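[1] Turn this into a structure:
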Amino acid sequence: MIPQPSAVTPELAEAALNCAALVRARTLAGWIGADRQLTSSGVLKPALALEACRVLGIELPSGRLRSALDVDELMQDWAVSCVAGYIIPSGGRVRATPRLADTSPQSVLGSWLRAASADLGLPDEPCPDCLTVLHELSEADGSLDLAHLAEAARTLGDPHDQDVPCPDCGELHDLSDLAAMAGFDVDEDPDDSLEHAESAVAGLVSYGAATVLAAAPAALSGLGQARVRLTPLGRMLAESIFTGCAPQVDTDAVTLLDELINVPPKIAAKMAAPWLAARSPAAAVGELLAYAESADAERRMIAIAFARDVGPEAAPAWRERAGQPGFGAYARMWLTEHGEEVAELPGDEAWLAFEAVSAASSLIPPELAPLVLEAAFEDMDAHEAAETLSLVSASGHPDAAWFVESVTAATGIRPPARRASLPAGDSYQLKVTLRGVSKPPVWRRIAVPAGLTLDLLHEVIQQAMGWEDEHLHVFSTPRRDYGSPDPELGHADERKVTVAEVLARPGATMLYTYDFGDGWEHGIVLEKVLPPDPVVGLSCLAGKGACPPEDCGGAWGYANLKEALADPGHEEHEDLLDWLGLDSAADFDPAQFGLDEVNASLSQLL
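    Numbers count the residues shown, from 1 in each chain. Sure, this is the predicted structure:
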């Protein structure tokens, strides 16, 4: 990203020659002339540095000068002179170049632009805050105050900024919140933002790229009240960087993202606009998604951000990936936002949440990561933490293994071992019917291995029906009751008995009760024995009716809930809408059932 002047005129060249930064750099180069001696560190020897300071009018503290490196103002002039191409240090000597005598507009503006863009960190390490200040000024019709520039730099700046889901409460936090749990403060002080904005403006002023509109422009106002606007040189600088350095339209998505990854998001979007405009919406998004699928989380999220801004005409590219697990969550989310009915897979929420964690992890120094992870998990009991890790592991995210290993190393917590496989043999076709619920009835027809243990059948029923597994349960058979091996409950261990042992032949039945408070009773009947399938799995064959909300009071409470929601005048209508988190009763459909969604949920159990 080496900018070239977007415009070359005698007026711009004269302004560049007369700016403070170039005047000082040229003065230094003129004093250096044909030859000066350097130290082994590649800077002027102390005696020469003193002489250079006198030429440049730099005041030095009393005492002996040990090194030119101790004089910041001199080293700044030295750096500008080097970058502008006015001097060349080499082999222990430094000399002025012929460019110093070339005052043609093209040469002057080329030198000025190299030096001014270097002050912004270009081409190798662009400073997000400085670029943001320049961008805000270039977009403004008039002047802006320093407080505005400081706020823009603080909130727009870093492409790494992401909210991070807390493993403890599940809420989204800023990364600094997680670091604070471990006693580290990584929040940027607003005063630091103002100081950085002032520094960026001072740099622009020294290059004649900006003017401070204040009675005393030398003091930029610590209160951020001074107003700033770009000069014609400043607008040429912005145009040269933000338009002139935009990636070539024929480049591939890899190069596009490599060039823009360290640029603030709003500026990156502006620089990517020509690349996007050179393609049809579907083709542009197709390239970005193809790149994103194999990229790391940080680059993937930037590529997705570009793709999301393309518009609804890109829908075909999103639809192509709507069926993919994991990465396809982005496509399903985009299509849903644009009014298309797309089934969300069970792992989508975990995958997308962990995506933010993975991208933000690059901000955590390696030595801080164990402390942050330990703090995030310290308030969770071991079972809850292990289940959280299990969800992360099951999300299928490419960085999930790293996260689980890191948490285990920091806390000693491990996810529960996943089941190796389902038992082979016959499959049972079961019908599970929720008792006491009608208009519409709620039932599921499922196929499970005959050798499935009842603890796993419990998980299948939870997923197939749509429960959240937040309460106790029990299987009741003519022989005995089976449930969690808790002595206080008195149930036989459900882990030690299979479906085939309690449902011996077609027509056999048993009862599954979930939530002993609400008392949701499910009748289970073995409808038929299916022939062995070479690919053992779990599946829902049919179903009807939505699962009632948890904790609504059982079958009676659910009937009352449906009645109240159907009647806007009912005294509980508004309270129930609020409890369910719905804007309208039309958003509640007791008949809703999605076969594909249920089977996607069941697939997560394998």
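[2] which helices and strands sit right next to the helix or strand hosting Ala25?
    Per DSSP states H and E, Ala25 falls inside helix 20-32. The contact analysis (3 or more C-beta pairs under 8 Å, 6 or more residues apart in numbering; DSSP states H and E) places helix 20-32 against helix 10-18, helix 46-56, helix 72-83, strand 87-90, strand 93-96, helix 105-118, helix 190-206. Every C-beta, even on glycine, is put in place using the N, C-alpha and C of the backbone.
[3] What are the buried residues along that helix?
    Burial within helix 20-32, assessed by neighbour count using 16 or more other C-beta atoms under 10 Å, is assigned to Ala21, Leu22, Arg24, Ala25, Arg26, Thr27, Leu28, Ala29, Ile32.
[4] Quick check: the farthest pair among those residues?
    The span of the buried residues of helix 20-32, defined through C-beta to C-beta, is set by Ala21 and Ile32 at 16.8 Å.
[5] Report all helices and strands that the helix or strand harbouring Ala272 contacts.
    For Ala272, the host element (DSSP H and E) is helix 265-277. In terms of contacts (3+ C-beta pairs under 8 Å, 6+ apart), helix 265-277 is packed against helix 128-139, helix 232-242, helix 253-260, helix 297-308.
[6] Show me which positions of it end up buried.
    Buried, per 16+ other C-beta under 10 Å, within helix 265-277: Pro265, Lys266, Ile267, Ala268, Ala269, Lys270, Met271, Ala272, Trp275, Leu276.
[7] okay, now the closest residue to Ala268 other than its chain neighbours: neighbour count?
    Residue nearest to Ala268 in three dimensions, not counting chain neighbours: Leu260, with 4.2 Å by C-beta to C-beta, 6 or more residues apart in numbering. As a burial measure, Leu260 scores 27 neighbours (other C-beta atoms under 10 Å).
[8] What sits closest to Pro105 if chain neighbours are left out?
    That would be Ala13: by C-beta to C-beta, 6+ apart, it lies 3.7 Å from Pro105.
[9] Kindly report the same for Asp102.
    Counting by C-beta to C-beta, 6+ apart, the residue nearest Asp102 is Val108, at 7.7 Å.
[10] who's in contact with Leu489?
    Leu489 is in contact with Leu472, Val474, Gly483, counting by C-beta atoms under 8 Å, 6 or more residues apart in numbering.
[11] what does Ala15 give?
    Gly208, Thr231, Pro232, Leu233.
[12] ok, how many other residues are close to the last one?
    In terms of burial, Leu233 registers 24 neighbours under the definition other C-beta under 10 Å.
[13] tell me the contacts of it?
    Neighbours of Leu233 in contact, by C-beta under 8 Å, 6+ apart: Leu12, Ala15, Ala16, Cys19, Trp112, Tyr207, Gly208, Ala209.
[14] Model confidence at the fifth one, what's the number?
    It stands for Trp112. pLDDT recorded at Trp112 is 97.
[15] helix, strand or coil for the spatially most central residue of the chain?
    Residue closest to the average C-alpha location in the chain (C-alpha atoms, centre = their mean): Ala356, at 3.9 Å. Of the three states, Ala356 takes helix under DSSP: H, G, I helix; E, B strand; the rest coil.
[16] Identify, by residue count, the longest strand of the chain.
    The residue-count maximum for a strand in the chain (DSSP state E) belongs to strand 520-530.
[17] Quick check: mean pLDDT of it?
    94.
[18] Give me the neighbour count for Tyr482.
    The burial count for Tyr482: 27, using other C-beta under 10 Å.
[19] and if you look at the one 3 residues further on?
    A count of nearby residues for Pro485, using other C-beta under 10 Å, gives 13.
[20] One more: Glu405?
    Glu405: 12 neighbours (other C-beta under 10 Å).
[21] picking that back up, closest one to Phe516 out of the contacts of Leu233, please.
    Ala209 (72.7 Å).
[22] quick one, what contacts the nearest residue to the closest one once chain neighbours are set aside?
    In space, and not counting its chain neighbours, Ala209 is closest to Gly234: 3.5 Å by C-beta to C-beta, 6+ apart. Contacts for Gly234 (C-beta under 8 Å, 6+ apart) come out as Leu134, Leu137, Ser138, Leu204, Gly208, Ala209, Ala210.
[23] Which two of these have the greatest separation?
    It's Ser138 and Gly208 that sit farthest apart of the contacts of Gly234, by C-beta to C-beta, at 15.3 Å.
[24] sorry, back to before: including distance to Gln324, could the contacts of Leu233 go into TSV?
    Shown next, in TSV, are the contacts of Leu233 (distance: C-beta to C-beta, whole Å):
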residue	distance to Gln324
Leu12	52
Ala15	55
Ala16	53
Cys19	54
Trp112	50
Tyr207	49
Gly208	53
Ala209	47
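[25] Quick one: the strands in the stretch 451-600 of the chain, in order.
    Per DSSP state E, counting those that start in this stretch, the stretch 451-600 of the chain carries strands over the ranges 473-476, 481-483, 492-493, 509-514, 520-530, 539-544.
[26] related to what we said a few turns ago, write a ChimeraX command that selects only the buried members of the contacts of Leu489.
    Burial among these is assessed by 16+ other C-beta under 10 Å; the matching ChimeraX selection reads:
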select :474,483
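[27] neighbours around Glu468, how many?
    Neighbours of Glu468 (other C-beta under 10 Å): 10.
[28] do the same with Ala450
    When neighbours are counted by other C-beta under 10 Å, Ala450 registers 19.
[29] looking at it, it is touching Ala504, isn't it?
    No - the pair Ala450 / Ala504 is not scored as a contact, 10.2 Å apart, by C-beta atoms under 8 Å.
[30] For the residue nearest to Arg319 when sequence neighbours are not counted, list the residues it contacts.
    Nearest in space to Arg319, with sequence neighbours left out and distances taken as C-beta to C-beta, 6+ apart, is Leu335 at 6.7 Å. Leu335 makes contacts with Ala315, Trp318, Arg319, Ala322, Val342, as judged by C-beta under 8 Å, 6+ apart.
[31] How about the contacts made by the nearest residue to Ala500 once chain neighbours are set aside?
    Once flanking residues are discounted, Ala500 sits nearest to Ala450: 4.1 Å by C-beta to C-beta, 6+ apart. Going by C-beta under 8 Å, 6+ apart, Ala450 touches Pro423, Gly425, Asp426, Ser427, Tyr428, Thr498, Val499, Ala500, Val529.
[32] which of the residues you listed are buried?
    Buried members of the contacts of Ala450, scored by 16+ other C-beta under 10 Å, are Pro423, Ser427, Tyr428, Thr498, Val499, Ala500.
[33] Widest-spaced pair of those residues?
    Pairwise over these, using C-beta to C-beta, the maximum falls at Ser427 and Thr498, 12.6 Å.
[34] Go ahead and name everything in contact with stretch 389-398.
    If you take C-beta under 8 Å, 6+ apart as the criterion, stretch 389-398 is touched by 325-326, 347, 350-351, 354-355, 358, 400-401, 403-404, 407-408, 413-416, 418, 604.
[35] Quick one: mean pLDDT over that stretch.
    Averaging pLDDT along stretch 389-398 gives 76.
[36] now it, how far from the centre of its chain.
    17 Å (C-alpha atoms, centre = their mean, to the nearest Å).
[37] Just read off the phi/psi values of the residue lying closest to Ala278 once chain neighbours are set aside.
    Using C-beta to C-beta, 6+ apart and skipping the chain neighbours, the partner closest in space to Ala278 is Val249 (3.9 Å). Phi and psi for Val249, reported as degrees, to the nearest 10, are phi -70, psi -20.
[38] Quick check, Val249 in contact with Leu276.
    No - between Val249 and Leu276 there is no contact under C-beta under 8 Å: 9.0 Å.
[39] do you know how far Pro568 is from Asp589?
    17 Å (C-beta to C-beta, to the nearest Å).
[40] I misspoke; the intended subject was Ser6.
    Distance from Ser6 to Asp589, by C-beta to C-beta: 57 Å.
[41] For Val83, see how far away Gln248 is.
    Counting by C-beta to C-beta, the separation of Gln248 from Val83 is 25 Å.
[42] With neighbour numbers in mind, choose between these two.
    Counted by other C-beta under 10 Å, Gln248 and Val83 do not tie: Val83 has more neighbours, with 17 against 12.
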